[in-house]
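In: Dropping the sequence and predicted coords here.
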Amino acid sequence: MATTVKPTPPTNGQLLERAIRLAAKVHKGQVDRFGQPFILHIMRVITHAKDHDEQLLAAIHDILERSELTIADLREKEIPEHVLVALTHISRIPDEDYDGYIDRVAQNQLATRVKVIDLADKMDLRDVGQLSVADLKRYNKQLAAYDRLKHLATIIKAEMTLSAQSRKLKV
């Protein structure tokens, strides 16, 4: 009788590397509004992420908006389901109102944490030359969303800390 061997699931490091490679492929040739390679934004968001789930979502957070890939495609690449759920919250839907979008991001803790990092990077104006009126409007809209989500992320982190401490006390 032949036995079937189940493939070993990828490690966290392998998943992150796979996601980074996918992001590099998807964003190849794309630039941000200031003409810089878009992949640099992705890498900065990954770098500021605090844990594996944040890093993984950071790597793929713009893939649905900037490619033809779908959640099903990412599922085939073994991206964990909870990260895919967060991805659906952090990805803009065409013609979606920005405030409604931010409301949807706020419904998922992981999406909220990564969106705060994403917005912080997008609002970094250190290397930007002159800003247009449209740039200033976008910045103010992003700043309002950042403030709201940063407050929510602080509450989420406090709850996570209390939950971890509670589990330790029960042991």
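Out: Perfect, thanks for sending it. Numbers count the residues shown, from 1 in each chain.

In: give me the number of residues near the residue lying closest to M123 once chain neighbours are set aside?
Out: Spatial nearest neighbour of M123, chain neighbours left out: Q142 (5.5 Å); criterion: C-beta to C-beta, 6 or more residues apart in numbering. The way it works is simple: take the backbone N, C-alpha and C, and place the C-beta from them, glycine included. Neighbours of Q142 under the rule other C-beta atoms under 10 Å: 17.

In: quick one: Q142 from I90, how far?
Out: 14 Å (C-beta to C-beta, to the nearest Å).

In: Check R21 too.
Out: From R21 over to I90 (counting by C-beta to C-beta), the distance is 20 Å.

In: try L119
Out: 11 Å.

In: How about the contacts made by V128?
Out: 34, 135 (C-beta atoms under 8 Å, 6 or more residues apart in numbering).

In: helix or strand for it, which one?
Out: Per DSSP states H and E, V128 falls between elements, in no helix or strand.

In: Any stretches of the protein with poor pLDDT?
Out: Under the criterion of pLDDT under 70, the regions of the chain flagged as low confidence span 1-2, 127, 171.

In: Now do the helices in it.
Out: In the chain, the helices defined using DSSP state H lie at 12-26, 38-48, 52-60, 63-66, 71-76, 81-90, 98-105, 109-122, 133-170.

In: I'd like these as TSV, with distance to K6 appended.
Out: Formatted as TSV, those follow (distance: least, C-beta to C-beta, whole Å):
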stretch	distance to K6
helix 12-26	16
helix 38-48	30
helix 52-60	22
helix 63-66	28
helix 71-76	17
helix 81-90	18
helix 98-105	36
helix 109-122	27
helix 133-170	30
